[in-house]
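Undergrad: Please work out how this folds:
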Amino acid sequence: MKFNLREIIEIPGSGKDFSCELSTESLDFPSIVRYLSAPHAEGRIFNEAGVLRLKGEIRSEMLCICDRCAAEFECAKTTPLSAVIVEKNDDNADDPELFFLDGDEIDLEEILSTLFILDMDSKFLCREDCKGLCPKCGKNLNLGPCGCGKEIDPRFAVLEQLLDKD
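TA: Here you go, the predicted structure:
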């Protein structure tokens, strides 16, 4: 989605608001089953002493799979947005922190998608203290203990025999 910034590029202190929904096609993650609502971005691009800055946030609601216990859970995520937009030149062409103007326009969806992806969690958990699955029987340990006994390290098996004599 092209976003024209002609009216604020040359006027320090000016700004332009944006509000849009992101396409979820490029926001595919293995732990996200589906988006319950399309991620919605709101914010403002403003000219600060000749440098364009983007500030705002993306809100999304997703149905995810826990990486520890494989249970489905709903997750609401708010991603803060902060980006610098400049004209491309030889000095800044390789800077990964910058986004570049295309004439008087930017590809707003590309910038927002990039910021959303970079802020995505590396691990999706149904809750902070998720206990996961039993490695022996596969029971979800969040629902209670399983019937499996604790496996004893074979190096300590001889010591266990000493305890069994009593």
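Undergrad: quick one, helices of the chain?
TA: With DSSP state H, the ranges of helices along the chain come out as 6-9, 108-118, 157-164.
Undergrad: Mean pLDDT and mean neighbour count for those - can I get that in TSV?
TA: Where you see a C-beta, it was placed from the backbone N, CA and C, and this is true even at glycine. Listed next are the helices of the chain as TSV, based on pLDDT from 0 to 100; neighbours: other CB atoms under 10 Å:
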stretch	mean pLDDT	mean neighbour count
helix 6-9	77	14
helix 108-118	90	17
helix 157-164	73	8
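Undergrad: pLDDT weak spots in this protein?
TA: Along the chain, the parts satisfying pLDDT under 70 run over 90, 164-166.
Undergrad: Mind splitting it into its structural domains?
TA: The chain breaks down into these structural domains: 2-130, 133-166 (assignment by automatic domain parsing).
Undergrad: Next, the distance between the ends of the longest one.
TA: Domain 2-130 stretches 42 Å from its first residue to its last (CA to CA, to the nearest Å).
Undergrad: one step back: ranking the domains of the chain by burial, who's on top?
TA: Of all those, domain 2-130 has the most neighbours on average by mean count of other CB atoms under 10 Å, namely a mean of 14.
Undergrad: in the protein, which residue is closest to the centre?
TA: Met120 (1.1 Å; CA atoms, centre = their mean).
Undergrad: Look up the closest residue to it, ignoring the ones flanking it.
TA: The shortest distance from Met120 to any residue that is not its chain neighbour, by CB to CB, 6 or more residues apart in numbering, is 6.4 Å, and that residue is Phe29.
Undergrad: how close does the one you found sit to Glu7?
TA: 36 Å (CB to CB, to the nearest Å).
Undergrad: repeat for His40
TA: For His40, the distance to Glu7 (CB to CB) stands at 24 Å.
Undergrad: ok, now Glu21?
TA: Separation of Glu21 from Glu7 (CB to CB) stands at 23 Å.
Undergrad: rewinding a little: any idea how far the residue nearest to the centre of the chain is from Arg68?
TA: Taken as CB to CB, the span from Met120 to Arg68 is 17 Å.
Undergrad: before we move on, what about Lys123?
TA: As defined by CB to CB, Lys123 lies at a distance of 8 Å from Arg68.
Undergrad: if I look at the residue nearest to Ser113 when sequence neighbours are not counted, how far off is Leu141?
TA: What sits nearest to Ser113 in space, not counting adjacent residues and going by CB to CB, 6+ apart, is Ser26, at 5.5 Å. To Leu141, Ser26 is 35 Å away according to CB to CB.
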